[in-house]
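# can you look at this prediction? I've put the sequence above it.
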2 protein chains.
Amino acid sequence: MGEAPLDALMSLDPETFARESRAVISFLAGYYRDVEKFPVQPEAMPGGLGALLHDTPPENGEQMDVILEEVWRHIVPALTHWQSPKFFGYFQANASTAGFAGEMLCTGLNIVPFTRAASPAATELESIVMDWMGKLVGLPDRFLFSDGGGGVLHGSTCEAVVCTLAAARDRALSRLGHEGITRLVVYASDQSHSTFQKGARLVGVPRSNFRVISTTAASGYGLTADSVREAVEADVASELVPLYLCATVGTTGLGAVDPVRDLGELARNHGMWLHVDAAYAGSALICPEFQHHIDGAELADSVSMNPHKWFLTNMDCCCLWVASPAALTSALSTDPEYLNNVTEESAAGAGVVDYKDWQIALSRPFRAMKLWVVLRRYGGAGMRAYVRRHVEMARWFEQALEADGRFEVVAPTRFSLVTFRLRPRRDGDDDAVDGLNRRLLVAVNASGRAFMTHFVVDGKFVIRMAVGGAMTEMRHVQDTWELVRDKAEEVGAVLK
Amino acid sequence: MGEAPLDALMSLDPETFARESRAVISFLAGYYRDVEKFPVQPEAMPGGLGALLHDTPPENGEQMDVILEEVWRHIVPALTHWQSPKFFGYFQANASTAGFAGEMLCTGLNIVPFTRAASPAATELESIVMDWMGKLVGLPDRFLFSDGGGGVLHGSTCEAVVCTLAAARDRALSRLGHEGITRLVVYASDQSHSTFQKGARLVGVPRSNFRVISTTAASGYGLTADSVREAVEADVASELVPLYLCATVGTTGLGAVDPVRDLGELARNHGMWLHVDAAYAGSALICPEFQHHIDGAELADSVSMNPHKWFLTNMDCCCLWVASPAALTSALSTDPEYLNNVTEESAAGAGVVDYKDWQIALSRPFRAMKLWVVLRRYGGAGMRAYVRRHVEMARWFEQALEADGRFEVVAPTRFSLVTFRLRPRRDGDDDAVDGLNRRLLVAVNASGRAFMTHFVVDGKFVIRMAVGGAMTEMRHVQDTWELVRDKAEEVGAVLK
């Protein structure tokens, strides 16, 4: 390009845009066609990519086909393929045609709806779609805009947690004064997501005031109200102030469920904010047969779930609902002059939602478009069928494990996450069995034919098989079962 | 769809994906072709969209063309068109063919690179691209990975600010103990972005410990080291602890520049963390003629800029560089078992970057792909030409204002933001002139032929013309000047 003339970039010329974008679409369609053939996790060594790419940015631009060729040659082979139908690690991150279409509309229109005035339709669509999702997952009416609550789309659960922690904190400090911040206590279980610990630190709760309450196999690794009560009473006796309690529906490690109603009653009794984290399992709640898991949610202050996990909504998208929008906005609102709307000076007072005051950042993408397209394209019935298909596959895998005497299922498979391990053959075998399971997981992943991750509970190494990929079919789960059996045979040979 | 069979969604079938995605591409290309014809800001009334859409989600899915038709009919007309070449409000949010292509790759591959192990190429590409951008904007070497610093891509400046505030806070509290949190003080100017105040509140700094230091026309609304020193010394005398100072290169209201070197020296003397916020003007720093504005950046602890503003990178993308990654990660790291890599147990100790510990959230999109495609497609030379074109347009507009006796330019146009107002005709006219300028802005925006926003400085209502749209050409700026002149004539008639 050299000394480029002023208009040379044609950076948003419609014809260039259409031509180059179509090339990217073909690239991605090809990727989806081939993704099953790649090893799910690459064997890329640290620094491998750096060696292939230049260490300074190019001075002159290049054509899109050259760039796509490099992506295919250097980058794709060094990715972990989250969209592979054989990806069973962590929790899935669903892509879909509709999620992608919605993200393209969001990215292409590229508006920044921080206030309603900055793009009216975006704010309104977000409020509509949050009420839609709230109804779909069976939330109590108090979380809907139509009943005085409301919802917002964040990028991640962590953001939702930080915002609700800040709201709870400011509510408490308005009573205690700011120096009370050192007395605030946050409660979670040993199964809760690490985001609660990180979030509590971020908002200034002392690290020593984060209570990790133990769970046991007896409650399916759910948090019991009795154990929380004990911790709360001890803290109150030490003049500490219970602030925030997290209940999880579908924990990351084991898919465990905390008893929302019991915890909600306890939280109310002690003036704590109750947050229900249904990041993963929230998607299952659209099916009536799973909605009993959030029985008692009317006692919560906030609820969150991630459509970007198991709801065909490409990264990133997290739904947060609150019963009291004012509690959130009083912690998060700002009012700089450069954002005021010159034509509607009193709008903010008139019940207008300015989403900048519901989140950490000012800038925000038009995420509502993405979730709206997913809901329109697949509908409630389509999404329920989608979720149930994975639940069925997970149950099949669980039954296969149980029918084979060598394995044990560690926590009950409530949704689509199966947790299992090779069982000890005799007492005292535990350490050896841990090593065996670790080697089993390494062998499965090294085969490239599936990818799973692990967890440790009660000191035991556990393999996690998270079913839920958009392209995962029963045959992939069946193949993976064969793979697990074969690899168990291989690594088990040592112990025989 | 009714009782959908199990595989009915075909949610990532390559042929469906390609066909429906191409329809979205055509839709967007058509939007870019027509966007100039829409009123930049719609006349949508609150609740307008809700009346057009159903209040429950659909039970059955619909075809993509039906959905796109509704977007075109109901949503597009109620958007503020940030991609219009006549959008001059806030700061621009650039879309481009390359930025869009990068986002499509990110969204389509849909990986979640929270740790290096979760997708090696994504982490490495991010480190590479952050060093590229650091070199391009002329940062001191200490912010590059090659020299012990490093960078990360966040979604917004606000996130970068929260993370650096948390790092600074934890560094201070390790000395003071947690109860010291009530003594920490954050300094910014009356021109700094509201995110600093919000960020300070989020991390637990008392609201009363946020110092808003006045600036004046004499320093071009830049923060002077003397005024900060005075505030710092008063706080130290009251046994408060100076924590964090923000220097802005290109403020939101007026495009003012704080003297980085002077503020850096002061910050060092008092053990404060210095953050340089170049959210908007950071893009101009790729041109040598603007790099003097960050002279002294080697004294800073962190620097941020937003490619999603004026660097052709679609929302969202914020670069954050830190001199000491350890300061950041010690405030933000977590180590849950379910994220540990079973095959590289000691990897974290081996200098591997796990970006989850550089940000608020755990989940994160593959933003590096987007910025990498932009840099590859347009190159350093292309981007400099792009930025200079807008600077030239802004200067033209400024000169037109100055040549017309009725207007005054409020702050010097350092980059591509012009701040202006109708001047008072005689002393004591100020209130009337404010009303006049307000009416001028309302009239300009109501015409639909341009969109600008405002600011208030020294009690004066100021109109902001932020040049920098991807499709903005000189003719749009010239048309807008004619529009402003005409509307000034109309609203000025009253005062004549």
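Here it is on my side, so go on.
# mind listing what's buried in stretch A:164-176?
By neighbour count on 16 or more other C-beta atoms under 10 Å in any protein chain shown, the buried set for stretch A:164-176 is A:Thr164, A:Leu165, A:Ala166, A:Ala167, A:Ala168, A:Arg169, A:Asp170, A:Arg171, A:Ala172, A:Leu173. Just so you know, the C-beta spots here come from the backbone N, C-alpha and C atoms, and that holds for glycine as well.
# any idea whether the second one is helix, strand or coil?
For A:Leu165, the assignment made with DSSP: H, G, I helix; E, B strand; the rest coil gives helix.
# from the buried residues of stretch A:164-176, which two are the most distant?
For these, with distances taken as C-beta to C-beta, the pair at the greatest spread is A:Thr164 and A:Leu173 (14.8 Å).
# what parts of the stretch 351-496 of chain A come near chain B?
A:352, A:360-365, A:369, A:373, A:375-382, A:385-386, A:388-389, A:392, A:438, A:441-442, A:445-446, A:453-456, A:464, A:470-471, A:473 (C-beta under 8 Å from any C-beta of the partner chain).
# please enumerate the strands of chain A.
Counting by DSSP state E, chain A has these strands, from start to end: A:150-154, A:184-189, A:210-213, A:241-248, A:273-277, A:302-305, A:318-322, A:407-411, A:417-422, A:453-457, A:460-466.
# nearest to B:Ile181, out of those?
Across the strands of chain A, B:Ile181 has its closest neighbour in strand A:184-189 (11.3 Å, C-beta to C-beta).
# and the angle for the closest one with strand A:273-277?
Orientation check (axes from the mean of the first three to the mean of the last three C-alpha atoms, to 10 degrees): strand A:184-189 against strand A:273-277 gives 30 degrees.
# if we can go back for a sec, filter the residues of the stretch 351-496 of chain A next to chain B down to the buried ones and hand me the ChimeraX line.
Entered in ChimeraX, the line below selects the buried ones among these, by 16+ other C-beta under 10 Å:
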select /A:352,360,361,362,363,364,365,369,373,375,376,377,378,379,380,381,382,385,386,388,389,438,441,445,453,454,455,464,470,471
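# switch the strands of chain A over to TSV; also include mean pLDDT.
Converted to TSV, those look like this (pLDDT from 0 to 100):
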stretch	mean pLDDT
strand A:150-154	98
strand A:184-189	98
strand A:210-213	97
strand A:241-248	98
strand A:273-277	98
strand A:302-305	98
strand A:318-322	98
strand A:407-411	96
strand A:417-422	97
strand A:453-457	95
strand A:460-466	97
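# adding distance to B:Arg485, write these out as TSV.
Below are these laid out as TSV (distance: least, C-beta to C-beta, whole Å):
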stretch	distance to B:Arg485
strand A:150-154	42
strand A:184-189	58
strand A:210-213	61
strand A:241-248	57
strand A:273-277	55
strand A:302-305	51
strand A:318-322	47
strand A:407-411	72
strand A:417-422	65
strand A:453-457	64
strand A:460-466	63
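# follow-up on the earlier one: between the buried residues of stretch A:164-176, which is nearest chain B?
Sorting the buried residues of stretch A:164-176 by how near they are to chain B, with C-beta to the nearest C-beta, puts A:Ala166 at the top with 5.6 Å.
# for chain B, what's its nearest residue on chain A.
For chain A, the residue closest to chain B is A:Gly204, as judged by C-beta to the nearest C-beta, at 2.1 Å.
# what sits against that residue?
A:Gly204 sits next to A:Arg169, A:Ile181, B:Arg169, B:Ile181, B:Val203, B:Gly204, B:Val205 when contact means C-beta atoms under 8 Å, 6 or more residues apart in numbering or on different chains.
# could you give the number of residues near the last one?
What that stands for is B:Val205. Counted with other C-beta atoms under 10 Å in any protein chain shown, the neighbours of B:Val205 add up to 25.
# what sits against it?
A:Gly204, B:Leu165, B:Arg169, B:Ile181, B:Leu184, B:Val185, B:Val186, B:Leu243.
# just to revisit the earlier point, from B:His270, how far out is the residue of chain A closest to chain B?
Distance, A:Gly204 to B:His270, using C-beta to C-beta, to the nearest Å: 22 Å.
# and if you look at A:Arg395?
A:Arg395 is 62 Å from B:His270, by C-beta to C-beta.
# what's the answer for A:Val112, then?
36 Å.
# of the two, who's got more company?
Ranked by neighbour count (other C-beta under 10 Å), A:Val112 and B:His270 place A:Val112 first, with 25 against 18.
# I'd say that one and A:Leu339 touch.
No - contact between A:Val112 and A:Leu339 fails when scored by C-beta atoms under 8 Å: they sit 10.9 Å apart.
# does chain B have contacts with the helix or strand of chain A with the lowest mean pLDDT?
In chain A, no helix or strand scores lower on mean pLDDT, DSSP states H and E than helix A:48-52, which sits at a mean of 75. Yes - applying C-beta under 8 Å from any C-beta, one finds helix A:48-52 touching chain B at A:Gly48, A:Leu49, A:Gly50.
# can you report how many residues lie near A:Val410?
Neighbour count of A:Val410, defined by other C-beta under 10 Å: 23.
# please apply the same query to A:Asp190.
15.
# pull the contacting residues for it.
Counted by C-beta under 8 Å, 6+ apart, A:Asp190 has contacts A:Val212, A:Ile213, A:Ser214, A:Thr215.
# pick the one among the buried residues of stretch A:164-176 closest to B:Ser330.
Closest approach between the buried residues of stretch A:164-176 and B:Ser330, by C-beta to C-beta: A:Leu165, at 20.0 Å.
# can you list the neighbours in contact with the least confident helix or strand of chain A?
Residues contacting helix A:48-52 (C-beta under 8 Å, 6+ apart): A:His74, A:Ile75, A:Ala78, B:Pro120, B:Ala121, B:Glu124, B:Leu125, B:Ser127, B:Ile128.
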